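Novice: next one to model:
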Amino acid sequence: MKKFSKWFALGVVTLGLIGFGKTTFANEFNFSVDPAIPSNQVGKSSYFDLLLKPGQTQDLTVVLGNSTDKTVTVEQSVASATTNINGVVEYSPNAIKPDTTLKYNLVDYVKAPKEIVLKPKSTQAVTVQVTMPNESFSGVIAGGLTYAEKDSDSANSAKNKGISIKNKYAFVVGLLMQQGATKVAPDLKLLKVAPGLVNYRNVINVGLQNPKAGYLNQMYVNAEIKGLTNKSLDYKVNKESMQMAPNSNFNYPLAIGEGKKLEAGKYRLTMTVYGQKDAEKGQYSMKDSTGALQKFDYRWQFTQDFTITAAKAKALNAKDVTIKHEKVFPWMLVIGLLILLLALFLLFFILWKRRNTRECPECEAKVSKKDKFCQKCGAELPDDLWKK
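Specialist: Now for the predicted structure:
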């Protein structure tokens, strides 16, 4: 947890990207956030990492400061920790659904005001009440407190070629609760393998789940997908320094390469995931991208076959912005236009025929405009016949 604590204390969220650094706070915010660490803190972390008994309730204090000459309204929100597609743990509210194994969602055990009004040149101590579940359990309940200025000027806008981009910044204070200091070992499950899109680019999504109430740190993934129908297809991906939140899941995207189409057929995924570097006691060894030997405490190996249907491949390929799609001559459009022109020609011919054809007043035979006499009965055609 030592390495984990270095970056978890306070974060800045901008369009879903978590960055860290106090210099950013001073430049982008009209307020400050200072968590008051209590005596039942686990370790010396600068975020909340609490040791609580079952059913215990505790009031935490977060001091907000306003150094400006105007009133500042701060919005406060609570979120459970989740894992995004980049293998990064998020502690602020987002669209990621809680995992099915998450028994204790932090949101259900925290009471905090949604808005705090800070007068000019003032500080205010905000009370955040946390309650530990009544049941005894091992592991950690993880999440965070997010502070953002309401309708803030600190939400900077940038305009380029008519496009307006608005960045909203926020403080994120980590909040962990546990009943004992013993760490729970993580686990890893393979959920589902299926094709998809990330940023309008074809990928193979590999669903990974950590069903335990403990962090999976320093993940290293070595994955390969081989075609079983087309044996020439072979995709390899390696990624390191990822992390999974307790009781969370995410789709790990394996890129097949820009401009490459997905092919229908059968495939096989082979994946090895390492976790928690341990140079001294790690029982699983592997060489990283630099060729250096790394040791880990955990290792999981997965093999799974899956199928990409022709309809799915076609739909995804059509949406991939990196694929150059061949221009297909619009035969159906051409045929449709020809039918329309033929119909218009027939309509014109019928109207022209009606205009230049009449019935003989004597025998009702058809006569044309050029006729002076009826060809059937020989009757002279009156001049006013064509005026009708």
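Novice: for the closest residue to residue 275 other than its chain neighbours, what are its contacts?
Specialist: Leaving aside its chain neighbours, residue 275 sits nearest to residue 298 (3.9 Å; criterion: C-beta to C-beta, 6 or more residues apart in numbering). For the C-beta atoms, the positions are set from N, CA and C on the backbone; glycine is no exception. Shown in contact with residue 298 (C-beta atoms under 8 Å, 6 or more residues apart in numbering): 185, 186, 188, 216, 274, 275, 276, 284.
Novice: and residue 298, that's in a strand?
Specialist: Yes: secondary structure assignment places residue 298 in a strand (DSSP: H, G, I helix; E, B strand; the rest coil).
Novice: what pLDDT does it get?
Specialist: The score at residue 298 is 97. That number is its pLDDT.
Novice: in the helix or strand hosting residue 221, what counts as buried?
Specialist: When secondary structure is defined using DSSP states H and E, the element that contains residue 221 is strand 216-227. Taking 16 or more other C-beta atoms under 10 Å as the neighbour-count basis, strand 216-227 is seen to contain the buried residues 216, 217, 218, 219, 220, 221, 222, 223, 225, 226, 227.
Novice: repeat for stretch 262-273
Specialist: So, applying 16+ other C-beta under 10 Å, buried residues of stretch 262-273: 262, 263, 265, 267, 269, 271, 272, 273.
Novice: do the same with stretch 111-122
Specialist: Neighbour count says stretch 111-122 has 112, 116, 118 buried, by 16+ other C-beta under 10 Å.
Novice: just the pLDDT at the residue nearest to residue 134 when sequence neighbours are not counted, thanks.
Specialist: With sequence-adjacent residues excluded and distances taken as C-beta to C-beta, 6+ apart, residue 134 is closest to residue 55, at 4.5 Å. pLDDT, the model's per-residue confidence, is 98 for residue 55.
Novice: now do residue 55 against residue 130, distance only.
Specialist: Counting by C-beta to C-beta, to the nearest Å, the gap from residue 55 to residue 130 is 12 Å.
Novice: which one of these two is surrounded by more residues?
Specialist: Regarding residue 55 and residue 130, a neighbour count based on other C-beta atoms under 10 Å identifies residue 130 as having more, with 21 against 11.
Novice: look up the residues forming beta bridges with that one.
Specialist: In this entry, residue 130 is beta-bridged to residue 58, residue 110, by DSSP bridges.
Novice: picking that back up, and the buried residues of stretch 111-122, which is closest to residue 70?
Specialist: The closest of the buried residues of stretch 111-122 to residue 70 turns out to be residue 118 (C-beta to C-beta; 9.5 Å).
Novice: residues touching that closest one, list them.
Specialist: Applying C-beta under 8 Å, 6+ apart to residue 118 gives the contacts 31, 64, 65, 66, 71, 72, 73, 74, 124.
Novice: now the buried members of those.
Specialist: Neighbour counting by 16+ other C-beta under 10 Å classes 31, 64, 65, 66, 72, 74 among the contacts of residue 118 as buried.
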